[in-house]
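Visitor: My questions are about this predicted structure, shown below with the sequence.
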Amino acid sequence: MKKTYLLFILLQLSINCIAQEIDSDLLYIKNRMDSIQEFSADLELNLDVSFINMPTKHASVLFKKDEELDFSSEDFVMLPKRGLDFSLSELFKYPFITVDRSKKNINGTLTKVLNIIPTDDKADFALATVYLDIEHKRIHIAEINTKKLGSYTITMTYENKEAILPDNVTVTFAMEKLKIPLNFMGRDTDIDRKKMRNLDTKEGKIMMKISNYKITY
C-alpha cells in the first residue's frame, strides 16, 4: 500500500513539473492564436538576395485552423511554404516544453526570450527561440532550427497594439537550406547563377507586407 501511495505521489509531482515547464505568457499567446478559426489576407512580397533580381510579387493567403497556410498567386507557379508560415502553428503542433532565457530589449520592445523544445519526434523542428512581446502578448521574433532544412528567422511587426497577426514579416534564411524554387519565380526574375555558385553563404530575406485581413473567430 505504501509503495502504491509513493508511486502516486511521484506521478503527481512529475505531472506538476511537466505542467510548469510551459511558459504562461506563451500559452496565453497560443490561446489567442487558437481562437482564430480562419483568416485570409493579401500579400506583397519582395526578395532580397544578392544574385536574384525579382520584381515585387503579389499573392493571397488562406489559413484554416489545424491546416497549413494556403498561398495562391498569379505571379508564382509555386510558393515555398517553409519559412513563410507567419501563423507559427508548427511550433505548437506537437507537445513541447519551454526554457526561460531571460529578457531582452529589442528596439524599445521588452521581450521575454524562450526556447521551445518539442517532445515529440514528429515535430519538424529541433529547437525554436522566440522573443515574446510581453506587453502586447504576441510573438515578435522566432528563430527556428529545423531538422532537415537548416534554420531561419521570422521577424514580425504589427499594425496596432491589439493585433495578433502581423502586417509586416521578414524571413531571413540560408538559400541552400530553404530551397526556394528558383525555376518557379516567374519569367520576369533574373538569376545570376554564376554569382550564386561562387558564394560560400547564400543568405537572403523575404519581406512580406500583409493587408486586408478577414478574420473569423
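Guide: Sure, I can see it. Residues are numbered from 1 along each chain as shown.
Visitor: beta partners of the residue nearest to residue 75 when sequence neighbours are not counted?
Guide: Spatial nearest neighbour of residue 75, excluding adjacent residues (Cβ to Cβ, 6 or more residues apart in numbering): residue 57 at 4.1 Å. Backbone N, C-alpha and C define where each C-beta goes, glycine included. Under DSSP bridges, the beta-bridge partners of residue 57 are residue 45.
Visitor: I'd say residue 57 and residue 73 touch.
Guide: Yes. Using Cβ atoms under 8 Å as the test, residue 57 is close enough to residue 73 to be in contact (6.6 Å).
Visitor: Between the two, which is the more surrounded one?
Guide: residue 57 (20 against 16; other Cβ atoms under 10 Å).
Visitor: Next, the spatially most central residue of the chain: phi, psi?
Guide: Nearest residue to the geometric centre of the chain (Cα atoms, centre = their mean): residue 88, 3.9 Å. Dihedral pair for residue 88: phi 60, psi 30, per degrees, to the nearest 10.
Visitor: The top strand by length along the chain pairs with which strands, and in what direction?
Guide: For the chain, the strand with the greatest residue count under DSSP state E is strand 203-216. When pairing is defined by DSSP bridges, strand 203-216 lines up against strand 38-48 (antiparallel), strand 168-174 (antiparallel).
Visitor: how about the strands of this protein, start to end?
Guide: Residue ranges of the strands in the chain, as given by DSSP E, are 38-48, 52-53, 57-64, 70-72, 96-106, 109-118, 125-133, 138-146, 151-157, 168-174, 190-191, 203-216.
Visitor: Need the ones you listed in JSON lines (columns: distance to residue 25).
Guide: Shown next, in JSON lines, are the strands of the chain (distance: least, Cβ to Cβ, whole Å):
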{"stretch": "strand 38-48", "distance to residue 25": "23"}
{"stretch": "strand 52-53", "distance to residue 25": "38"}
{"stretch": "strand 57-64", "distance to residue 25": "23"}
{"stretch": "strand 70-72", "distance to residue 25": "29"}
{"stretch": "strand 96-106", "distance to residue 25": "9"}
{"stretch": "strand 109-118", "distance to residue 25": "6"}
{"stretch": "strand 125-133", "distance to residue 25": "5"}
{"stretch": "strand 138-146", "distance to residue 25": "10"}
{"stretch": "strand 151-157", "distance to residue 25": "16"}
{"stretch": "strand 168-174", "distance to residue 25": "21"}
{"stretch": "strand 190-191", "distance to residue 25": "42"}
{"stretch": "strand 203-216", "distance to residue 25": "22"}
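Visitor: can you list those strands in TSV and add mean pLDDT?
Guide: Formatted as TSV, those follow (pLDDT from 0 to 100):
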stretch	mean pLDDT
strand 38-48	93
strand 52-53	84
strand 57-64	91
strand 70-72	85
strand 96-106	94
strand 109-118	95
strand 125-133	96
strand 138-146	95
strand 151-157	93
strand 168-174	90
strand 190-191	79
strand 203-216	93
